[in-house]
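> from the sequence below, what's the structure:
(chains A and B, ligands or ions: 1)
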Amino acid sequence: MATLIKNKQITQDHWQTLDSQGETPHFESSTVGDWLVPLSVWTAQSHVLCARGGRNGVILQNTDDPQLLVNDFDRLALIAVHFPKFTDGRGYSVARLLRRLGWKGELRAVGDVLRDQLFYMTRCGFDAFLMRADQDGQSALKSFKDFSVPYQPAIDAGFRFVGDAKSVASAPSVVTVNPW
Amino acid sequence: MYRYDEIDERIVSERIDQFRDQTTRFLSGKLSEDDFKPLRLQNGLYVQKHAPMLRVAIPYGLVNSSQMRMFAHIAKVYDRGYGHFSTRQNIQFNWPRLAQVPDILADLARVQMHGIQTSGNCIRNITCDHLAGIATDEIVNPLVWCEILRQWSTFHPEFAFLPRKFKIAVSGSEQDRAATLLHDIGLQAVRNDQGDVGFRVAIGGGLGRTPILGQVINEFLPWSDLLTFLDAVLRVYNRYGRRDNIYKARIKILVKEKTLPQISKEVHAEWAALKGGQGTLTREMVDAMAARFTVTAYRSLADVNELLEAQRKAQPGFARWCERNVHAHKVAGYAAVSLSLKRSGVPPGDVSAEQLEAIADLADRYSLSELRVTHEQNLILPDVEQSQLALLWQEAKQLGLATPNIGLLTNIIACPGGDFCSLANAVSIPVAMAIEERFDRLDYVHDIGELDLNISGCMNSCGHHHIGHIGILGVDKAGEEWYQISIGGDQGNRAALGKVIGPSFARHDVPEVVEKLIDLYLTKRESQEDRFIDVVQRVGIEPFKKHVYGNVDKKQTNHTRPLANA
Ligand code: SF4
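Got it, this is the predicted structure:
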């Protein structure tokens, strides 16, 4: 069973996922539960989906344009980004774009999600991770603490290129190599 | 040199803990080969033909004597007593044991070094002009900007799994010694009319199977926008770069297929959203970064031209060495000196532990403890007092580091090739050594003048054969090693890609072909100053072709020895 980690804790997954493979089912106002569906299904059936009782989420492929969801943010409770292979890094940029476009809700990495990438994924804006089935959720939690002081800004400001005096104050005052 | 503060130290030590844990999990079977591979690569660890190879970053080429001694220590304790300087300002160790790599990294951390992102599909070690900060033709000192880029790119969370490796080079001088147009991103520091610092940004350059020169995407990028603009370029590449074919995955192919105007549009649209936001540099940030560099304690001296003149007259060997291996310095009374790691009988770029230690001593005594690594696989003592040059020459000569061949034919650049690299079609180092042997008579080599000769063992072009005045590429023909030869490549401001002269040659013929190319050049040149590359550019490759292949039908030369009766 794949473990779901949310906000750095192991959590129960209440969502049902509609596989992108196979025939597209038709949702009805009587369909119950929280459903995570591909972008194409969402686009075609968002009215029916929203008329039901349960919550809705969209699962994006890493080639989907996140821009297409901007007007739907307030009707969604979850956006997931699929990693076909952990070495395919497009999902990181998709996550950053979604956050930049204003998505504040749960952003879940699904697919080939491994412990050793959790730190980077978090800094790109993911706050939930459906781990690949063979991953041990408990030990994966340690990876959120892999680094305590990232250099560059991402979702957070990082430590080195921040406007306040924090990073600046730690340096001695003589400028020895003139960059100007 | 940049000195780590506690943040830098913490980051590197946390990296070692992380990698130690990953290695332990791998060795105990909890982490699969496939899942481990990208992790080890991003720590500089390859698995090659015979054993793992560990690549250590020398950020923008700067290294000090204690770091050099640490290389010697690693070579002795974990390796077979030597290291290999690569063409990308790295040092490689060819025989470490996987289980010991975390220990090696911990040793390196003690001298503020690491193997982070020296391999893998991520932003690689930033490279720079080896005369940065001391060159007389410098417009902007690029070192602080390089360090800013090093920190920005280190563990960049969004760009650890790009379609392919990503290389950035920075130059701050009029003459481009960093080969910026041959990188995924080339940054040339410039000034606008107001004197403000900015960067001319070229993208999509590179060697390999599809050699292309970079194209300018931004003529003047203000310094404060450096990081946000690079974020925009990388994001566009990360999203749209090809991932279906490893040979088409570099940004140069994306630029080629989509065209520069289209990519430029995408990048600028993305940048519009990022510009002025997080990551915008302020003067305080840049000055704080600069302040972490050490002070170079120059004495106030005057140039000693007469003394040098007299010494050169007295010793022709010294004069020759000064001509090739001593470089002008922007501080009066100082000079920069190239220590040649190329001499007959030794693979280019190889150094023994003993030599590394001796070099560290030279740096301590002659160059304020600092050194540079060049992309031509040599070392530079950047801050030598001119009055000490003759003494240094004597010592370097005894150590076999004073071959006066910088810029000459025997300063061959060669990749590790078939002796070490599992991707190779053919060996490179033995070919380099055979050529060196043939041209061992140094007077003759001096007479030939400036000539870059580069050798790669396969299309991946780690030996940069495309930009050699003479380029040699190992090819595979029915399981045999053959070599394709090109001429007319060049680097720097006049960067150009060489043209293949014809069908390839068997290994034992290569030195003779090189000699024939040189022969023809010598008959065509108009003066001593008329370099090989100048002649090729003037007369084209045809005369060279004719001279090498004679009138023999080219199809035949493919399989018979083309030079047998030449
Ligand atoms: S050019 Fe080819 S043979 Fe040479 S080091 Fe690179 S990959 Fe290996």
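> find the nearest non-adjacent residue to B:Ser224, please.
B:Leu281 (4.8 Å; Cβ to Cβ, 6 or more residues apart in numbering or on different chains). No exception for glycine: its C-beta is placed from N, CA and C like everyone else's.
> wouldn't that neighbour be in contact with A:Gly163 here?
No. B:Leu281 is beyond contact range of A:Gly163, at 10.0 Å (criterion: Cβ atoms under 8 Å).
> show me what residue of chain A gets nearest to chain B.
A:Gly89 (2.9 Å; Cβ to the nearest Cβ).
> could you give the number of residues near that residue?
By other Cβ atoms under 10 Å in any protein chain shown, 27 other residues sit near A:Gly89.
> quick one, phi/psi of B:Glu480?
In terms of degrees, to the nearest 10, the main-chain angles of B:Glu480 are phi -110, psi 160.
> buried residues in stretch A:139-150?
For stretch A:139-150, the neighbour count (16 or more other Cβ atoms under 10 Å in any protein chain shown) marks A:Ala140, A:Leu141, A:Ser143, A:Asp146, A:Phe147, A:Pro150 as buried.
> just put those residues in a markdown table and tack on distance to B:Ser86.
Listed next are the buried residues of stretch A:139-150 as a markdown table, based on distance: Cβ to Cβ, whole Å:
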| residue | distance to B:Ser86 |
| --- | --- |
| A:Ala140 | 35 |
| A:Leu141 | 38 |
| A:Ser143 | 31 |
| A:Asp146 | 28 |
| A:Phe147 | 27 |
| A:Pro150 | 28 |
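> tell me the contacts of the residue nearest to B:Ser224?
Residues in contact with B:Leu281 (Cβ atoms under 8 Å, 6 or more residues apart in numbering or on different chains) are A:Phe161, B:Ile148, B:Trp223, B:Ser224, B:Asp225, B:Leu226, B:Leu227.
> B:Arg250 is in contact with B:Arg164, correct?
Yes. In this structure, B:Arg164 is within contact of B:Arg250 by Cβ under 8 Å, at 5.0 Å.
> neighbour-wise, which of these two wins?
B:Arg250 (28 against 22).
> residues contacting that one?
B:Arg250 sits in contact with B:Pro163, B:Arg164, B:Lys165, B:Asp184, B:Gly206, B:Gly208, B:Thr210, B:Gly241, where contact means Cβ under 8 Å, 6+ apart.
> residues near the fourth one, how many?
A count of neighbours around B:Asp184, defined by other Cβ under 10 Å, yields 26.
> state the distance from it to the ligand.
Distance of B:Asp184 to the ligand, given as Cβ to the nearest ligand atom, to the nearest Å: 17 Å.
> same deal with the second one?
The gap separating B:Arg164 from the ligand is 14 Å, by Cβ to the nearest ligand atom.
> same thing with the third one?
Relative to the ligand, B:Lys165 is positioned 12 Å away (Cβ to the nearest ligand atom).
> with the last one instead?
According to Cβ to the nearest ligand atom, B:Gly241 stands 20 Å off from the ligand.
> my guess is that residue contacts B:Leu162. True?
Yes. Applying Cβ under 8 Å, one finds B:Gly241 in contact with B:Leu162, separated by 6.9 Å.
> burial of A:Glu28, as a residue count?
The number of residues packed near A:Glu28 is 11, by other Cβ under 10 Å.
> so it, which of the three states?
Here A:Glu28 is recorded as coil under DSSP: H, G, I helix; E, B strand; the rest coil.
> would you mind measuring from it to A:Asn56?
Noted for A:Glu28: a distance of 14 Å to A:Asn56, by Cβ to Cβ, to the nearest Å.
> got it, and B:Tyr483?
When B:Tyr483 is compared with A:Asn56 (using Cβ to Cβ), they lie 62 Å apart.
> next: B:Arg243.
Here the criterion is Cβ to Cβ. By it, B:Arg243 lies 30 Å from A:Asn56.
> for the stretch 401-550 of chain B, which residues are neighbours of the ligand?
Residues of the stretch 401-550 of chain B lying close to the ligand (Cβ under 6 Å from any ligand atom) are B:415-417, B:421, B:423-424, B:428, B:456-458, B:460-463.
> before we move on, back to that, which ones among the contacts of B:Leu281 lie within helices?
Those of these mapping onto helices are B:Ile148, B:Leu226, B:Leu227, per DSSP state H.
> from those residues, which is closest to chain A?
Of those, the one sitting nearest to chain A (Cβ to the nearest Cβ) turns out to be B:Leu227, at 6.6 Å.
> quick one, what contacts that closest one?
A:Gln152, A:Phe161, B:Ile148, B:Trp152, B:Gly279, B:Thr280, B:Leu281 are the contacts of B:Leu227 under Cβ under 8 Å, 6+ apart.
> on that earlier part again, inside strands: which ones of the buried residues of stretch A:139-150?
With strands taken from DSSP state E, there is no overlap with these.
> just the CA trace of stretch B:178-193, in PDB.
Extracted in PDB, the C-alpha atoms of stretch B:178-193 (Å, rounded to 0.1, in the frame of the first residue of the first chain):
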ATOM      1  CA  ALA B 178      36.200  30.500 -20.500                       C
ATOM      2  CA  ALA B 179      34.800  29.300 -23.900                       C
ATOM      3  CA  THR B 180      31.400  30.800 -22.900                       C
ATOM      4  CA  LEU B 181      29.900  30.200 -26.400                       C
ATOM      5  CA  LEU B 182      30.400  26.500 -25.900                       C
ATOM      6  CA  HIS B 183      28.200  26.200 -22.800                       C
ATOM      7  CA  ASP B 184      24.500  25.800 -22.200                       C
ATOM      8  CA  ILE B 185      24.600  29.300 -20.800                       C
ATOM      9  CA  GLY B 186      27.600  31.600 -21.400                       C
ATOM     10  CA  LEU B 187      27.800  34.700 -19.400                       C
ATOM     11  CA  GLN B 188      30.100  37.500 -20.500                       C
ATOM     12  CA  ALA B 189      30.300  40.300 -17.900                       C
ATOM     13  CA  VAL B 190      30.100  43.700 -19.600                       C
ATOM     14  CA  ARG B 191      29.400  47.300 -18.700                       C
ATOM     15  CA  ASN B 192      26.800  49.600 -20.100                       C
ATOM     16  CA  ASP B 193      27.300  53.300 -21.000                       C
END
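> for it, which positions count as buried?
Across stretch B:178-193, burial judged by 16+ other Cβ under 10 Å covers B:178-190.
> how many neighbours does whichever residue of the stretch 151-300 of chain B sits closest to chain A have?
Using Cβ to the nearest Cβ, the single residue of the stretch 151-300 of chain B nearest to chain A is B:Phe161, 2.9 Å away. B:Phe161 is flanked by 23 other residues according to other Cβ under 10 Å.
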